[in-house]
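S.K.: quick one, what's the 3D model for this:
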Amino acid sequence: METKVRTGLENLIEDPPEYFENQRLGLLCNPASVSSDLTHASGLIDTAFPGQLKALFSPQHGYYAQKQDNMIESDHAVEPHLNIPVYSLYGETRIPTEQMFDTIDILLVDIQDVGTRVYTFIYTVSYCMETAAHLGKKIVILDRPNPVSGARVEGNLLTKEVSSFVGRYEIPMRHGLTIAEIMDFFNHRYEIGCDLEIIPMTGWRRKMYWQDTKLAWVAPSPNLPTPESALVYPGQVIFEGTNVSEGRGTTQPFELFGAPYIDCDRILEDTRGKLPGIHLRPVCFEPTSGKWKETPCHGFQIHVTSKEAYEPYESSLVLMQSILKHGGKRFEYKRPPYEYEYIKMPIDLIIGDPSIRNRIDTLEEISSIRRSWRKKLNGFKRISEAFYRYG
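M.R.: Residues are numbered from 1 along each chain as shown. Here you go, the predicted structure:
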């Protein structure tokens, strides 16, 4: 019999904890915060706890996930149906203030993470935990699936010298934890000291990808419109740090990538046998916004043929190095600013270790670079497994 995945949100509504009684509630959410029948968390919580929901909070891209790109801020607002404030945590501040928390006792977090170090939602929650710890408030995480599997971790760990809002803690690019597990990890590993409770999922297994959950996909941000885009994102996001289009401004962001100067035949020849689990289909596309707007770009669409064999981060490093090698001076790294960092190179913030960029530039084999991070990655695996809640 097929197991049905139920999110923490649905389990909360079905069996609310006694400690919710007479507590003022806040909710960190966005459009992906829905039940299996696509009812939004704000309405469900308001109905289940009448009069208790006092404030909403939104992460990057806004409460309606309407903001397209990095450093495009959202303003505070009022939710028209509930007539309560929506505090933007990607606007004038990325850290919730004491005033924002004045009207709540418990902050509920119902956020769909995508399992990737540079996705800022997890750091928004970490700042909420720090503020809650300081003010003596409780945080309750309503758990959701890791869409790119909880059984796979990948990549180098972040180094402290390039910590930023796209990487606060020493974790790999693909961390293999659910939103609740990684918050529990942060809370204990970095001694945040938050009064943290978790409402777990039921029916979820670590080896599941999003398609295995049978849940409907609601884009957590504008440029992750499908589970397929989320699957390639842990690798393809590195192109944000270059002048190669990562497919923003197209209907298939992150699945498509390219630039006017790319020689597809050379890239295919150069990477043959180095990209297991995917097929690269040559394409030409014109972004309607972002890099190379309205300019024909030669590149590829990534078709995943085996999720188990595919390693998105290493594959994209191989591709970036090949484009660098054959693009010559036409290939460039993006200059700052990037996610509120005005000095450090964006590519270093994304990769998480400047030495790796230097080794890529000298054309050291990616397989050799990978071996250098294996020991620390295995160490992260051992430590993080203590926070697994699903086997």
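S.K.: what sits up against the longest helix along the chain?
M.R.: When the chain is parsed with DSSP state H, its longest helix is helix 366-384. For helix 366-384, the external contacting residues (Cβ atoms under 8 Å, 6 or more residues apart in numbering) are 153-157, 170-172, 175-177, 181, 185, 189, 274, 314, 317-318, 321, 353, 356, 359-360. From N, CA and C alone the C-beta is placed, and that goes for glycine too.
S.K.: identify the residue nearest the residue nearest in space to the middle of the chain in space, chain neighbours excluded?
M.R.: Centroid-nearest residue in the chain, with Cα atoms, centre = their mean: Tyr119, separated by 3.0 Å. Spatial nearest neighbour of Tyr119, excluding adjacent residues (Cβ to Cβ, 6 or more residues apart in numbering): Asp113 at 6.3 Å.
S.K.: which residues in the stretch 251-391 of the chain form strands?
M.R.: Assigned by DSSP state E, counting those that start in this stretch, the stretch 251-391 of the chain shows strands spanning 256-259, 278-285, 297-304.
S.K.: so which of the ones you listed is nearest Cys194?
M.R.: strand 297-304 (36.7 Å; Cβ to Cβ).
S.K.: which of the residues in the closest one are buried?
M.R.: Going by neighbour count (16 or more other Cβ atoms under 10 Å), the buried part of strand 297-304 is 297-302, 304.
S.K.: now swap in stretch 301-319 and tell me
M.R.: Buried residues in stretch 301-319, counted by 16+ other Cβ under 10 Å: 301-302, 304, 307, 310-319.
S.K.: from the middle of its chain, how far away would that stretch be?
M.R.: 17 Å (Cα atoms, centre = their mean, to the nearest Å).
S.K.: can you measure across that stretch, start residue to end residue?
M.R.: End-to-end distance of stretch 301-319 (Cα to Cα, to the nearest Å): 12 Å.
S.K.: repeat for stretch 331-349
M.R.: So stretch 331-349: terminal residues 18 Å apart, Cα to Cα.
S.K.: so which bits of stretch 193-211 are buried?
M.R.: In stretch 193-211, counting by 16+ other Cβ under 10 Å, buried: 194, 196, 198-201, 204-206, 208-210.
S.K.: could I get it in PDB with only the CA atoms?
M.R.: Extracted C-alpha coordinates of stretch 193-211, given in PDB (Å, rounded to 0.1, in the frame of the first residue of the first chain):
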ATOM      1  CA  GLY A 193      19.400  28.100  22.700                       C
ATOM      2  CA  CYS A 194      15.900  28.500  21.100                       C
ATOM      3  CA  ASP A 195      12.900  26.900  22.700                       C
ATOM      4  CA  LEU A 196      12.200  24.800  19.600                       C
ATOM      5  CA  GLU A 197       9.400  22.300  19.000                       C
ATOM      6  CA  ILE A 198       8.900  20.200  15.900                       C
ATOM      7  CA  ILE A 199       5.700  18.900  14.400                       C
ATOM      8  CA  PRO A 200       7.000  16.100  12.200                       C
ATOM      9  CA  MET A 201       5.700  14.700   9.000                       C
ATOM     10  CA  THR A 202       4.200  11.200   8.700                       C
ATOM     11  CA  GLY A 203       4.800   8.900   5.800                       C
ATOM     12  CA  TRP A 204       8.000  10.500   4.500                       C
ATOM     13  CA  ARG A 205      11.100   8.400   4.000                       C
ATOM     14  CA  ARG A 206      14.600   9.700   3.500                       C
ATOM     15  CA  LYS A 207      15.100   8.300   0.000                       C
ATOM     16  CA  MET A 208      12.100  10.100  -1.300                       C
ATOM     17  CA  TYR A 209      12.300  12.800  -3.900                       C
ATOM     18  CA  TRP A 210       9.500  15.200  -4.300                       C
ATOM     19  CA  GLN A 211       7.800  13.200  -7.000                       C
END
